[in-house]
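Trainee: only the shape, not the letters, is given here:
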C-alpha cells in the first residue's frame, strides 16, 4: 500500500491493467476433493491466485490446554509456499501468516456450529501455491468450501473479497499492481445468505463515500463468488 | 443482498442462487450449507437442517430429503459418532500405566481400561501388550454425556489386528457395503476369499492372501464410486 511512483493502474476510460472495469472481479474456478487423504478439500483459482485448503477432523484436540469444554476449536494455518511469489518467501510461520490464520479462524468460527463438538479440534490448512493479491480472501473462501466438503455443520459459508482505492478511484478485487501501488484496501468476509459481516480489515485511508463504494462493490461481488462455491460443491459449473 | 451488481468476466448475471425453495423434481437434489430449504411453518427441521428466522436452512452439504413433513439433509460426509455396542476398529494413540487411549475416528478419543483390555496386560506394562499405533477390533461399551467413550476388548472376536489391512470409508456408506441382510459383504468375502470385518466407524479390516486383499480393496473403491455417482451425481 504505497502510492509511490508513476505507475498508472487505470486508464482514463476506467479500464484496469488486466482489462477489467472497476467493478469487475477476476476469473474464478473452484474444485473440491483435491486432497484425497483430507476429510474435505478445495482448490481455488482466483485470477493468478492458486490456493488449496484442506480440512481434517473433528478430532481430539491436542495439546489438551487448547480444548474448550463447550465447543470445538478451529486450528487454522495459513501458509504461503516459498515459490508462491517472485521473491522467495522464507518457509515457516511469520507475523503476517499468524495474523491471517487468526482472522481466518475467527471468521470461520462465526459460521461453524462448533458447539456440536466440544473439546475437539477442526484443523484447517490453507496453502498459497501462487499469490497475486487477495490471498487472505481466497484462503477464507477456499477454507469455507473445504469445510462444507468435509461435512462440517455450518450455518452459512463465508465469502471473502476485497475492494480498494487506486489513484483515488475505488475498484473491486485488487490485482497485484493495484495492491502494491494503490492507496487503500478493504477485505471483507460476508455471509451470502444473510448479508452479515464476519470479517473486516482496512489498510490505508478511505473517505466515508469511498468506504461505502468499496463496501457496495464487495457486497455485490459476494453473490457471484457464492455461485462458484455452490456449483463446486454440487459438481457443476457456475 | 444489497450492493451494486458486479459484472462477471463472461458477462453473465450475478443472480443469487440461494433465493428460496428449490424444485423438488430435480434428482439428486444437492444442497450446500446455508441454503434456504423453505418455510419453517410448512415443514419441520430434520437432520442437517436448522430453523432460523422462520426459514429452514441446510447446515451440511448433501442430498435433500422431504418425508412426513420433515426436511432433512443426508450429508455427503459425516464424522462418526460412537454409540454403545458399536463394533469399531481403533488405533492406539497413547497410554498411561493402566489405560489406552484409542482413536476410533470420532471427534473424541475413547479409553480402553486395562480391566477391559486383553487379559494378559499388567499394570505398568500395558505397552508390551498393545503399543502405540497398533490396530484393535473392539466394541463401544459406554458413551458418557460429555461424549467420552469407553471401549472393551472383552467379547467374542475382539482382538488386536496383527495382519491384513484396514481401509476407511464414510460411515454412512456402510449400508451399501453390507447390503440387504449382509448380502454384498458376503459376496465380497466369497469372491476375494478374504476375511472382511466392517466396523461401525467406517473402518474395514481386510485379511487374506495379498491378491485377494488387492481385489477386495479395488472392489471396495468401485462400490464407493458407484455410491457417490448414485447419491450425489459423481461429486468427489
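Mentor: Looks like it came in fine. Remember, predicted model here, so these are calculated numbers, not experimental data.

Trainee: buried sites along stretch B:42-57?
Mentor: Within stretch B:42-57, the residues scored as buried using 16 or more other Cβ atoms under 10 Å in any protein chain shown are B:43, B:45, B:46, B:48, B:49, B:51, B:52, B:55, B:56, B:57. C-beta: built from backbone N, CA, C; applies to glycine.

Trainee: dump those residues to CSV, plus distance to residue A:79 and secondary structure.
Mentor: CSV is the format used below for these (distance: Cβ to Cβ, whole Å; DSSP: H, G, I helix; E, B strand; the rest coil):
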residue, distance to residue A:79, secondary structure
B:43, 43, coil
B:45, 38, strand
B:46, 39, coil
B:48, 32, coil
B:49, 35, strand
B:51, 38, strand
B:52, 34, strand
B:55, 38, strand
B:56, 38, strand
B:57, 32, strand
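
Trainee: need the residues you listed in CSV (columns: distance to residue B:70 and pLDDT).
Mentor: Converted to CSV, these look like this (distance: Cβ to Cβ, whole Å; pLDDT from 0 to 100):
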residue, distance to residue B:70, pLDDT
B:43, 6, 89
B:45, 7, 91
B:46, 4, 91
B:48, 11, 91
B:49, 8, 93
B:51, 12, 91
B:52, 16, 87
B:55, 15, 91
B:56, 10, 92
B:57, 15, 93
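
Trainee: how does chain B divide into domains?
Mentor: Segmentation of chain B into domains, based on automatic domain parsing, reads B:1-76, B:87-161, B:165-232.

Trainee: and residue B:29, how many neighbours does it have?
Mentor: For residue B:29, the tally of surrounding residues (other Cβ atoms under 10 Å in any protein chain shown) stands at 18.

Trainee: please report how far it lies from residue B:66.
Mentor: Residue B:29 sits at a distance of 9 Å from residue B:66 (criterion: Cβ to Cβ, to the nearest Å).

Trainee: next one: residue B:228
Mentor: Residue B:228 sits 22 Å away from residue B:66 when distances are taken as Cβ to Cβ.

Trainee: hey, where'd the helices end up in chain B?
Mentor: With DSSP state H as the criterion, chain B has helices at B:174-178, B:183-192, B:210-232.

Trainee: those: which one's closest to residue A:129?
Mentor: Nearest to residue A:129, of all the helices of chain B, is helix B:210-232, at 26.5 Å by Cβ to Cβ.

Trainee: in that closest one, what counts as buried?
Mentor: B:212-213, B:215-217, B:219-220, B:223-224, B:227-228, B:231-232.

Trainee: and that helix with helix B:183-192, angle?
Mentor: Taking axes from the mean of the first three to the mean of the last three Cα atoms, to 10 degrees, one finds helix B:210-232 and helix B:183-192 inclined to each other by 150 degrees.

Trainee: other SSEs contacting helix B:210-232?
Mentor: For helix B:210-232, the helices and strands in contact under the criterion 3 or more Cβ pairs under 8 Å, 6 or more residues apart in numbering or on different chains; DSSP states H and E are strand B:62-67, strand B:165-168, helix B:174-178, helix B:183-192, strand B:203-207.

Trainee: give me the contacts around it.
Mentor: A:235, B:28, B:30, B:62-63, B:74, B:76, B:164-165, B:167, B:169-170, B:173, B:176-177, B:184, B:188, B:191-194, B:196, B:204, B:206-208, B:234-236 (Cβ atoms under 8 Å, 6 or more residues apart in numbering or on different chains).

Trainee: so, low pLDDT: which residues of chain B?
Mentor: Counting by pLDDT under 70, chain B shows low-confidence ranges at B:1-28, B:230-236.

Trainee: for the residue most central in space within chain B, what are its contacts?
Mentor: Computing the C-alpha centroid of chain B and ranking residues by Cα atoms, centre = their mean puts residue B:171 first, at 2.6 Å. Contact analysis of residue B:171 by Cβ under 8 Å, 6+ apart lists B:78, B:80, B:105, B:200, B:201, B:202.

Trainee: if we go to 6 Å?
Mentor: B:80, B:202 (Cβ atoms under 6 Å, 6 or more residues apart in numbering or on different chains).

Trainee: in JSON lines, list the helices and strands packed on helix B:210-232 along with distance to chain A and mean neighbour count.
Mentor: As requested, the helices and strands packed on helix B:210-232 are arranged in JSON lines below (distance: least, Cβ to the nearest Cβ, whole Å; neighbours: other Cβ atoms under 10 Å in any protein chain shown):
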{"stretch": "strand B:62-67", "distance to chain A": "8", "mean neighbour count": "18"}
{"stretch": "strand B:165-168", "distance to chain A": "10", "mean neighbour count": "17"}
{"stretch": "helix B:174-178", "distance to chain A": "15", "mean neighbour count": "16"}
{"stretch": "helix B:183-192", "distance to chain A": "22", "mean neighbour count": "15"}
{"stretch": "strand B:203-207", "distance to chain A": "14", "mean neighbour count": "21"}
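
Trainee: state the helix or strand in which the residue lying closest to residue A:122 once chain neighbours are set aside lies.
Mentor: The spatially closest residue to residue A:122, leaving aside those adjacent along the chain, is residue A:57, at 4.3 Å (Cβ to Cβ, 6 or more residues apart in numbering or on different chains). Taking DSSP states H and E as the definition, residue A:57 sits inside strand A:49-60.
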